[in-house]
Every structure is written in structure tokens, then in C-alpha cells.
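A.B. asks: Compute the structure for the input listed below.
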Amino acid sequence: MHRPRGAWFSRAVTHAPPNPAVRAAVRQGLSVAVATGLYGISFGALSVAAGIGVLPTMALSLLLFSGGSQFALVGVVGAGGSPVAAVATAALLGARNTLYGAVVTPLLRVHGLRRVAAAQLTIDESTAVATAQTDTRAARAGFWVAGGGVFVLWNSFTLLGALAGHAMGDPRAWGLDAAAAAAFLALVWPRLASRTAQLVAGIAVVVSAGLIPLVPSGVPVLAAAASAIAVGVVAGRPERARDADAQVDA
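C.D. replies: Sure thing, here's the model as predicted:
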């Protein structure tokens, strides 16, 4: 019997069982994308105010596409720091995306051009949404929706902020620089529950604040990061030793 073209697809869609986990992941990804994308206005305005043109600002968002790294680079440039310090600071913050790649690669299992796209979209938000799911299909849906949504909205609002930057005047008068700092603090704060994390953060703050009046812009951030890594390694040794002992006893 002749069947209309595409009838098999219609039946598959009609009779496909609903997946609440996938729908929940999509909703979560969209909400994260909207909330994160709005910060692009702040970046666009601050970048233009720092003397970076509209086109270079958009290139940063399209190619670098790492909010923390972008804010760090613009902050160093705006404060008069050297290009080397700006790039080094941005690269240091962007290195975390390499670790994210190791986490999401087994979930996505993509190849070819999709792998290239996944690498570009591997950011804090897409990784967080993907790893929060208990279902593999939901994890993949959450990753693509969050990552793709942030990419589109972040770049759109970056352009809006960059174009409006001159009309707005000094972005500090609107509190945009404070909003960006507050957003980063909100992301970091829940991670400071352990004594080790609090110790690392405290020493990094002291090192950074002490070096601000002594060294060029960008260097305090690099020094604070280096001290945080050193303290984290030393402070984490007792915990790793206890875990090893526990495994031996088991």
C-alpha cells in the first residue's frame, strides 16, 4: 500500500513518548541563556568605554566567547595595563573551558563540524546545565539550548551595548561595572563553603589588593591566581591523603 511521503515521521512524532527530563532541560537552558545574555550589554558598553571599537568588541564576543575572559581583558585595557597582561589574564580565566570540554565530551559524543560547534559553545552555563541532568538526552538538549542561546543573546546584547555605549556616556554612572562584578561574586560565592576554598579566596584577595598600587594593571590578577593555585594544592593535600586512607581501609 502506498504511504504518503513523511508519514513515518508524522507517526514517530505523534506517538513518541514525552520526555519530561528533556523539556525541563530545555526550559532551564533557555532561562540561563536569557539571564546570561543580558550581561552582554554591560560588556559591550564597558569595552567601548575602554577604547575598544565596536568591531573589535564584537570579534571578542564572537571568537573568544568567554564572559569572564572578555571582562578581564577589557578591564586590564581600560585600566591602562599592557596588552601582554590583558591577554595573559584572559587566557588564564579561559583555561577553565578546557576542563569543561573533558566533562561534556562523553555526554555529547559529537564529531566533525558538530564537534567544532560544541567546542565553541562549551562555557560555564552550557556545562552547568548539561551536567545537572540525569538523562543523557536531557543533558545534550540542555547543552545545545544553553550554549546556543547564550551565544546568540550574548552577541546580540554585546552589539546593543557597544552601539549605545557612546550615547550612555560613562557606564560607571549606570552601575554597569558594579553589576558585572556583582554577577561574578554571585557565581563564586556558593563555591566558598569549604574551609579550603575560603582560605584560597582570602589569600588571593590579600595578594591582589596588596599589589594593586605597586604593579601594572593585570599583574595583580595573575599573581592572585598563582597564589590561589599554590595554596589550593598545599591545602588540599591533607584531604587527598584522608581520601586515600579511607579507600585503603575500605
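
A.B. asks: Can you pull the poorly scored residue ranges out of this structure?
C.D. replies: 1-18, 166-191, 217, 232, 235-250 (pLDDT under 70).

A.B. asks: redo that, cut-off 80
C.D. replies: Scanning the chain with the threshold set as pLDDT under 80 gives 1-18, 75, 78-82, 89, 92-93, 165-197, 212, 215-222, 224-229, 231-250.

A.B. asks: Which residue lies nearest the spatial centre of it?
C.D. replies: Residue closest to the average C-alpha location in the chain (CA atoms, centre = their mean): Asp124, at 3.5 Å.

A.B. asks: For it, list the residues it contacts.
C.D. replies: Contacts for Asp124 were tallied using CB atoms under 8 Å, 6 or more residues apart in numbering; they are 67-68, 96, 100, 187. Any C-beta I mention is one placed from the backbone N, CA and C, and that applies to glycine too.

A.B. asks: And it, how far from Val231?
C.D. replies: Distance, Asp124 to Val231, using CB to CB, to the nearest Å: 23 Å.

A.B. asks: follow-up on the earlier one: mind picking the two most distant members of the contacts of Asp124?
C.D. replies: Tyr100 and Leu187 (14.2 Å; CB to CB).

A.B. asks: and the two? which has more neighbours close in?
C.D. replies: A count of neighbours by other CB atoms under 10 Å puts Tyr100 above the other of Tyr100 and Leu187, at 18 against 13.

A.B. asks: So that one is in contact with Val129, correct?
C.D. replies: No - Tyr100 lies out of contact with Val129 (CB atoms under 8 Å); the separation is 11.7 Å.

A.B. asks: Three-state assignment for Leu214, please.
C.D. replies: Put simply, Leu214 is coil when judged by DSSP: H, G, I helix; E, B strand; the rest coil.

A.B. asks: returning to that earlier point: now, the contacts of Asp124 that are in helices?
C.D. replies: Those of the contacts of Asp124 mapping onto helices are 67-68, 96, 100, 187, per DSSP state H.

A.B. asks: need these in TSV with distance to Pro83, can you?
C.D. replies: Output for the ones in helices among the contacts of Asp124, formatted as TSV (distance: CB to CB, whole Å):
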residue	distance to Pro83
Gly67	20
Gly68	18
Arg96	22
Tyr100	26
Leu187	27
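
A.B. asks: Who are the packing partners of whichever strand or helix holds Gln198?
C.D. replies: Per DSSP states H and E, Gln198 falls inside helix 195-211. Using 3 or more CB pairs under 8 Å, 6 or more residues apart in numbering; DSSP states H and E as the contact definition, the elements that helix 195-211 packs against are helix 219-249.
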